[in-house]
Every structure is written in C-alpha cells, then in structure tokens.
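J.: Okay, predicted coordinates and the sequence, questions at the end:
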Amino acid sequence: MKKQKTKLLLQLFITFLKIGAFTFGGGYAMIALLQNEFVEQKKWLKNDEFLDVVAIAESTPGPIAINSSTYIGYKMAGFWGSFFSTLAMCIPSFTIIFIISLFFDKFLELTFVKYAFKGIQVCVVYLIFTAGLKMLKDIKKTKFNCIIFFVVLAVFVGFSLFAVSFSTIYYILICGTIGLFAYGISLVKKEEKNDRIS
Amino acid sequence: MTVYLKLFLTFLKIGAVSFGGGYGMISLIRETVIQNGWLTDGELLNFIAVSESTPGPIAINMATFIGSSQGGIFGSFCATLGVVLPSFVIILIIVALVSNLLKIAGVKAFLGGIRPCVMSLIIGTAITMGLSTLLGLKTVSNEIDVNIKSIIILGIIIVIHFVVKYLLKKKIKPIIMIIISAFLGVAVYSI
C-alpha cells in the first residue's frame, strides 16, 4: 500500500514537472495539456471531473496552473499529492527564469538586444490588450457586466492619468460587493413578485 | 522590513486577490513594482515578455524574475512561495472541506461582480501602459513625448495580427508575435 502511494506521488511529480517545463503561454494553454494528460492519456480523471477542476481554478484567485495542479494532486493522492504536484509545476519555471535573470541585464547591454526589446515592449502591451478583449468576448453581455466593465475601466484609466492612488485590490473588493448587492436586490424583487402573485 | 519579507508579503497579497490568471495579475504587479521603485514600465514589459516566451505559468515566471532582480535566489524563492501559497491553501480548503463553496449563491454573486472588473483592469493596464510607452504620457501633468518608432511598430504588429487572423484565418501564438516584434524593433530602431 505504502509503496503504491509513493509510486503515485512520483508519477504525479514527473507529470507536472513535464507540464511545467513544456507549456508556453500560461494557464489557459495549460488547461488543454492537463486535459490531454489526465483525461485522455492516463484516464485518471473523467471529463466532467476535469471541467470541475477548470471551473474552480478559474474562479479562485491565483495562477490557474497552480490552482489546477493543487486540485488534481489532492484528488489523486491527498495532501502530499497536491504538495508534490504544485512543487513540480513551479520547479521548471523557477529554474529557467532564475538562470535567465542572472544574465538578463548583461544581455540587454547589447545594442541590438536593446532595440529588439523596444519592439517587444510594444508587442506585450498589445498582447495584454488582446488577451483582455478575448476574455471580454466570452463573458455574457448583461447590463450588469457592461456597467461594471465601463465604469471600472473609465475610473481606472482616469485615476492613473490624474495620479490618484487607488489600489487594484479595492476595485476587486468593491465590484465583488456590488455583485453581492445586485444579487440581494434581485432576491428582494423576486419575493415582491411572488407576494403579488399569491 | 527586509527585502525578502517584503517580496514574500507583496506576492502573497498578489496571489491572494488576483483573479483571471497571469494577465489578471499584471495590474496589481505593476502597481506594486512601481510604488516600491523596483522596476520601470519598460523593465516590467521586458519581464512580461520573457515570462510569456518561456515555459511555465506566467505568474510564477514573473514572481521568480522580480524576486531575483530585487534579492537574488532567496528573493526569487520568497516571491514565488508568496504567489503560490494563497492558491495552494484556498484550493486545499475547497477540495478538502467545502467542496460546494463556489456553488453558494453569495459566493457566485461576489465572483460575478469581480469577473467584468478583472477585464477592465487588464484592458485598463494595457491602455495606460500603451499611453506611457507610445506617448510618454504617464499622468496628465507630464509633457507628451510621442515615440514615432514605437507607434510604427505597433501599427505593423496590428496589421500582421489582422492579416493572419482574418485573411489567413489562422491563430498567431504570442511567442511568434514577440519574435516578430523583436525583429521589428531591431529594424526600426537601427534606422
């Protein structure tokens, strides 16, 4: 029994190490790879179980890759499963980036590299913008979502241009609270309607 | 406060409140690195580019990179641990104790309010970073310094993206866009 557990932990560790080392493009790209590995190849999870993992990973804070490795690890082998899965997910990133960071400043001193990064900086701004637009395309266009989106966008850009310091955290907490209030109001309205009918 | 503790606490906060994955984190990361004087906008964009072009979760890459730039290997360890810990704990709580947490109506409503907000934060960050790199416009009080070369590069990137997407009907990967823009940078800035 114990031997089996160790073997499973090792398998989890190696699988997540592989996924961490070969997935480019962050969380969403990783979801496809995780599905392939755990649902199709190893058959460790059923497809609807996997969809649960994705839903939870997306709606909890933090990196999606870490959320899903912790979740899958726990489902497979309890606490130590989630520990080793998450650790394995971090090791490749950490090692690669740390090595790059040692040489990065020297690398940037080369004139053509400096120029290349001037171009890259523009591209990254564009990539962030299009990533935001893509998420926006997938969200339901309810009145509530539209109002929150445009008001927060206007306030965020306005505050930053007028150098008003207002932490991102507040936007998130305020909007969550507004979501709660909207839900509360909808409940009250429903009750009134029911009262009228009865 | 030592730099290590500061890195750990900063990234703990970032890991605990940022929704929407790596991109959702960028507004909060930008706010903290600029406030602490750790990085400029340009340096942060370089870091994001490297994080995007290397394997692994963007959030982990960013934490390791920023940690290393401020406090060497122990700095990157503290930052990475900080960004991972909230996720790890929250998911364990959900999976082991309250598996229906996300099905509770109140929690759903709270997350429903956050979702559109995260998108504004991502797009808003892109807009303000764009204004600062292209027009030198950080706040309304500073002089506008239009960067023609960067605007030309942006124009070419947009054209390439649209041609590939709508004429060739293909997806273009971020890493390919980054490589193309690196060549564009060398070409445009060498002139």
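T.: Received it, and whenever you're ready, just let me know what you need.

J.: where do the helices sit along chain A?
T.: Along chain A, counting by DSSP state H, helices occupy A:2-22, A:27-34, A:47-59, A:64-108, A:111-138, A:143-161, A:168-197.

J.: Generate JSON lines for these, with distance to chain B and mean pLDDT as supplementary columns.
T.: Glycine gets a C-beta too; all of them are placed from N, C-alpha and C. Shown next, in JSON lines, are those (distance: least, C-beta to the nearest C-beta, whole Å; pLDDT from 0 to 100):
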{"stretch": "helix A:2-22", "distance to chain B": "5", "mean pLDDT": "90"}
{"stretch": "helix A:27-34", "distance to chain B": "4", "mean pLDDT": "77"}
{"stretch": "helix A:47-59", "distance to chain B": "5", "mean pLDDT": "85"}
{"stretch": "helix A:64-108", "distance to chain B": "3", "mean pLDDT": "93"}
{"stretch": "helix A:111-138", "distance to chain B": "2", "mean pLDDT": "90"}
{"stretch": "helix A:143-161", "distance to chain B": "4", "mean pLDDT": "94"}
{"stretch": "helix A:168-197", "distance to chain B": "2", "mean pLDDT": "89"}
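
J.: Ok, which of the ones you listed comes nearest B:Tyr189?
T.: Proximity to B:Tyr189, assessed across the helices of chain A by C-beta to C-beta, is greatest for helix A:111-138 (3.8 Å).

J.: quick one: buried residues of the closest one?
T.: In terms of neighbour count (16 or more other C-beta atoms under 10 Å in any protein chain shown), helix A:111-138 has its buried residues at A:113, A:115-132, A:135-136.

J.: Outside of the lowest-mean-pLDDT helix or strand in chain B itself, list whatever touches it.
T.: In chain B, no helix or strand scores lower on mean pLDDT, DSSP states H and E than helix B:21-35, which sits at a mean of 88. Here helix B:21-35 makes contact (C-beta atoms under 8 Å, 6 or more residues apart in numbering or on different chains) with A:26-28, A:58, A:63-64, A:128, A:131-132, A:156, A:167-169, B:10, B:13-14, B:17-18, B:38-41, B:44, B:48, B:51, B:57-59, B:62, B:66, B:118, B:121-122, B:124-125, B:129.

J.: of these, buried ones?
T.: A:26-28, A:58, A:63-64, A:128, A:131-132, A:156, A:168, B:10, B:13-14, B:17-18, B:38-39, B:41, B:44, B:48, B:51, B:57-59, B:62, B:66, B:118, B:121-122, B:124-125, B:129.

J.: quick one: B:Cys78 from B:Thr40, how far?
T.: 22 Å (C-beta to C-beta, to the nearest Å).

J.: again with B:Asn46
T.: 10 Å.

J.: can you give me the angle the helix or strand hosting B:Glu52 makes with helix A:111-138?
T.: Here B:Glu52 sits within helix B:41-53, counting by DSSP states H and E. Orientation check (axes from the mean of the first three to the mean of the last three C-alpha atoms, to 10 degrees): helix B:41-53 against helix A:111-138 gives 70 degrees.

J.: Is helix B:41-53 in proximity to chain A?
T.: Yes. Judged by C-beta under 8 Å from any C-beta of the partner chain, helix B:41-53 and chain A are in contact via B:42, B:45-46, B:48-53.

J.: Right, I'll leave it there.
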